[in-house]
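Participant: A predicted structure for the sequence below; I have some questions about it.
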Amino acid sequence: MSRIRLVAIVFLALTFSAVLFADFVAPAPYAKQFREVPNAAPSLKHLLGTDDLGRDSFSRLLYGSRVSLLLAPAAALLSTLIAAFVGGSAGYLGGWFERVALAATDLSLSLPWLFLLLTVRALLPLNVAPVTSVVVTFALLGVLGWSSSGRVICSGARAIRESDFVLQAKALGCAPHRLILRQVLPNLQPVLSAQFWTSIPIFIIAEANLGILGLGVAEPLPSWGNLLRGLENWPEVKASPWKLAPIVALIAVVSCFQLIFQKRENLAS
Amino acid sequence: MSRRMQIVLASFCFCWLFVSTAAAQSGGELRFSIQSEPKTFDPMLADDDSSETIRYLTGGFLIRLNRQTQTLEPELATSWKVSNGGQTISFELRRNVVFSDGTPFSADDVAYTMRTLMDPNLHSPTADPFRSVEGQVKIDVKSPTAIVLQFPGPVANLEELFDSVAIVSAKSPHRDVAGLGPFVVAEHKAGSSIVLRRNPNYWKRDAAGKPLPYLDAVHLDIQQNRDLEMLRFRRGEIQLINTIAPDAFDRLAADMRSAAHDAGPSFDTEQMWFNQVASAPIPDYKKAWFRSQNFRRAVSQAINRADMCRIAFAGHAQPAAGMISPANHFWFNAKLRPEETDVPGALKRLADDGFHLDKDVLRDRDGHAVEFSIITNAGNKVRERLAVMMQDDLARIGIRLNVVTLDFPSLIDRISHSFNYEACLLGLVNVDLDPSTQMNVWLSSASNHQWNPEEKTPATPWEVEIDRLMHAQASTTDNKQRKEYFDRVQEIVADQAPFIYLVNKNALSAVSPTVRNAAPVVLRPQTYWNIDSLYLAAPDPSGRHGE
């Protein structure tokens, strides 16, 4: 095991432990407003300072990481599974099914999602608890975010369908389900894995943007998305660089995942 | 003080005034931004901010409201008199005034303007406040400098309405462009900019007899993005910004202290209200909460307004006492005070209505946990902060508040059509001093009576009383009597809390140090209300801008 991979594993283990046990690690409840010290600089009491309402930024980062690290991968898994089913089937089966599936994918890509999401928000009740709002948000992202991954997976599946080893397996009388399980899916795994990992930061950012439609994570619950919205004000960030902590955490976590799984994919190939 | 000393002092003051005005430099182009393309250049149809800006800069008016002193001053009319119970107004007009194209100004132009303005087919928004009663306006031109206007019914605050009536020429061959204001429209690049050139025939002169305005031109850039507007101000590309958000104001003050101006509490209010519409699709037990005066007052008492001003507005706001800001010197009811934060008092009020705390959760007498949602417009950071602070404040009396931010069209649809909401947090922009302009909010039949719009009959006795008082104040011209009526309206509103007023935000603006004679005020247009006496200092040879 390379040293860098070991560091990545340890970092992720520590991060996941901290966010899972945030109730014990966080120095203050994430919603508590220390109104006497809004926008405070880091101190022993507030390790990453406070936000504009005086809430402890370190505690909010921990709880926000818990929300995003659990739900963004869940949404990414959901969208990758839908993409794998639609794109994988289209690529492997080919013919009219592929044409129909690709047409559906293109239609999905061309839809004005902003307006559809506005309609979805209009249909949702207003009295939604913050936890429900976060689950609804990521579920929506998972269900709607499959189409671009679907095209990539379709392309990968088509290449496998046309490969010599699949042709050989078919010639040897290999059953279709066995062919899919033993030949196609293992060979598609690097593509699926790449789509999964690239979807996670996209969904985290998308969640932040959905806030302007009233679909994001509801206050006072933090998430990486709404913490990242605090970086919109660059002059303020420049004056208080510790406010970059959420984006540093996002980059660090996604990079660690990439390092670990890139290594696994290399070994597999 | 001896008489000789008085004469010396008076002479010194006169010389100082003379020297300072004589030193005012003519020339230069003032630049600032407007947020959108003006919908019209016709002063009679101006209804949006940009069109009103053009009207303000190019129009000539009989009477002007001095934005600083909040008093009316003579302009094209040297004197006026309201009579016949507010139905008639007679004007004595200024002599030797000509339009920008050289056409002489006379009472015929005023007659033509009023006749055109009051034509129902024109649908002029400026004419609406004059129409207290159906009927024609009788116009009697007594002489080229005297005119009498008789309206079919009494018009409240009649003379102040003429602050919005720009006089147009009856005889000029270039009627569309001929104006009596300090500037005329010279160039318009759609979606990009508007250039106004100095009116060479403008009638006004400074104390030293020098023709006004000092500026050669005003360049208006059409710029919707407020961040870009600030960036351009910092670069010295524009010289004025009328309104700035508190965060941006503090950053500007840190870098260019003399450019940032806080004129104190503005007329604008931030407020919340509960949905009291009988047909609203919300549970009956919640409607009962929202109709309870004790519930509304308890919510109001639980809110910490001082913290809101200090944190959400960075100190650039004042706790609101009610529907009228203390900035409105005449109409504000000075007896009213902002609601003090009083959690025990709030719980007592709630107990009086059968509410009780059950392990930190407030329940009504039927055991329902008190929880409601508040909607506000997404993207307004200050308002989002206010909502989250209210969430924290109300948790102290056991109320769970869910904050929902919506895009503006969805929000308007909910509060105006579907009524599918529980509480709303929004701001109200007040542009007029006189309460008559708020009839569309306070009358129970009005469409902007937001907590329960367009009631067929008033739902509560206190709304009956407000209706009566608002009609009474609108049907008399005795301002003392009107003030008494309107003071009572303010007291009823404070007591019943249909709107829970939170803060009056301060009027924050930016004026480049190169602009001289600027004195930002709370009334619109905050920075260029005295446009004809503004001028630009000679450019700094070092090329530096500001500080």
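Facilitator: Looks like it arrived, so ask away. Numbering: from 1, shown residues only, chains lettered A, B, ... in the order given.
Participant: Spit out the contact partners of the closest residue to chain B within chain A.
Facilitator: Chain B sits closest to A:L126 of chain A, with a gap of 4.1 Å, by C-beta to the nearest C-beta. Yep, even glycine has a C-beta here, placed from its N, CA and C like the rest. For A:L126, the contacting residues are B:373, B:375, B:402, B:404, B:420-422, by C-beta atoms under 8 Å, 6 or more residues apart in numbering or on different chains.
Participant: how about the residue lying closest to A:S149 once chain neighbours are set aside, secondary structure?
Facilitator: Taking C-beta to C-beta, 6 or more residues apart in numbering or on different chains, and ignoring the residues beside it in sequence, A:S149 has A:A83 as its nearest neighbour in space, at 3.7 Å. Three-state assignment for A:A83 (DSSP: H, G, I helix; E, B strand; the rest coil): helix.
Participant: Quick check: A:A83 touching A:V143?
Facilitator: No. Here A:A83 lies out of contact with A:V143, judged by C-beta atoms under 8 Å, at a distance of 11.3 Å.
Participant: Skipping its backbone neighbours, what lies nearest residue 253 in space?
Facilitator: Picked chain A for this. Residue nearest to A:V253 in three dimensions, not counting chain neighbours: A:T15, with 6.2 Å by C-beta to C-beta, 6+ apart.
Participant: please go with chain B instead
Facilitator: The nearest residue in space to B:A253 (C-beta to C-beta, 6+ apart) is B:A260, at 3.9 Å.
Participant: Quick check: the gap between the one you found and B:A248.
Facilitator: Between B:A260 and B:A248 the distance is 9 Å, computed by C-beta to C-beta, to the nearest Å.
Participant: Please report the confidence value the model assigns to residue 13.
Facilitator: The chain I'm using is chain A. In this model, A:A13 is scored at 92, pLDDT.
Participant: ah, no, chain B please
Facilitator: For B:C13, pLDDT reads 49.
Participant: what does B:P173 give?
Facilitator: pLDDT, read off for B:P173, is 84.
Participant: quick revisit: looks like the residue nearest to B:A253 contacts B:P246 (just checking).
Facilitator: No. With contact defined as C-beta under 8 Å, B:A260 does not count as touching B:P246 (10.9 Å).
Participant: who touches both of the two?
Facilitator: Common contacts of B:A260 and B:P246 (C-beta under 8 Å, 6+ apart): B:L508.
Participant: and B:L72, helix, strand or coil?
Facilitator: Assignment for B:L72 (three-state DSSP): strand.
Participant: circling back to that earlier point, ok, what's across the strand from the residue nearest to B:A253?
Facilitator: B:A510 (DSSP bridges).
Participant: and it, how many neighbours?
Facilitator: Around B:A260 there are 21 other residues, counting by other C-beta atoms under 10 Å in any protein chain shown.
Participant: quick one: low-confidence ranges for the stretch 401-547 of chain B?
Facilitator: Along the stretch 401-547 of chain B, the model assigns pLDDT under 70 to residues B:539-547.
Participant: for the residue in the stretch 351-500 of chain B that chain A sits nearest to, which residues make a bridge with it?
Facilitator: Closest residue of the stretch 351-500 of chain B to chain A, C-beta to the nearest C-beta: B:S373 (4.1 Å). Judged by DSSP bridges, the bridge partners of B:S373 are B:N402.
Participant: I'd say it and B:I399 touch.
Facilitator: No. Using C-beta under 8 Å, B:S373 is not in contact with B:I399; the gap is 11.5 Å.
Participant: Can I get stretch B:299-316 in PDB? Just the C-alpha atoms.
Facilitator: C-alpha atoms of stretch B:299-316 as PDB (Å, rounded to 0.1, in the frame of the first residue of the first chain):
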ATOM      1  CA  VAL B 299     -44.500  36.300  18.500                       C
ATOM      2  CA  SER B 300     -43.700  40.000  18.200                       C
ATOM      3  CA  GLN B 301     -42.500  40.100  21.800                       C
ATOM      4  CA  ALA B 302     -40.300  37.100  21.400                       C
ATOM      5  CA  ILE B 303     -38.400  38.600  18.500                       C
ATOM      6  CA  ASN B 304     -35.100  40.400  19.300                       C
ATOM      7  CA  ARG B 305     -35.100  43.400  17.000                       C
ATOM      8  CA  ALA B 306     -32.000  44.900  18.400                       C
ATOM      9  CA  ASP B 307     -30.000  41.800  17.500                       C
ATOM     10  CA  MET B 308     -31.500  41.900  14.000                       C
ATOM     11  CA  CYS B 309     -30.300  45.400  13.500                       C
ATOM     12  CA  ARG B 310     -26.800  44.600  14.900                       C
ATOM     13  CA  ILE B 311     -26.200  41.300  13.200                       C
ATOM     14  CA  ALA B 312     -28.300  41.100  10.000                       C
ATOM     15  CA  PHE B 313     -27.900  44.800   9.100                       C
ATOM     16  CA  ALA B 314     -24.400  45.300  10.600                       C
ATOM     17  CA  GLY B 315     -25.800  48.100  12.700                       C
ATOM     18  CA  HIS B 316     -27.300  49.900   9.700                       C
END
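Participant: one step back: who has more neighbours, A:A83 and A:V143?
Facilitator: Of the pair A:A83 and A:V143, A:A83 is the one with more neighbours under other C-beta under 10 Å, namely 26 against 12.
Participant: Low-confidence ranges, the stretch 101-250 of chain A, go.
Facilitator: Within the stretch 101-250 of chain A, the ranges that satisfy pLDDT under 70 run A:121-122, A:211-214.
Participant: in it, which spans are strands?
Facilitator: With DSSP state E, counting those that start in this stretch as the criterion, the stretch 101-250 of chain A has no strands.
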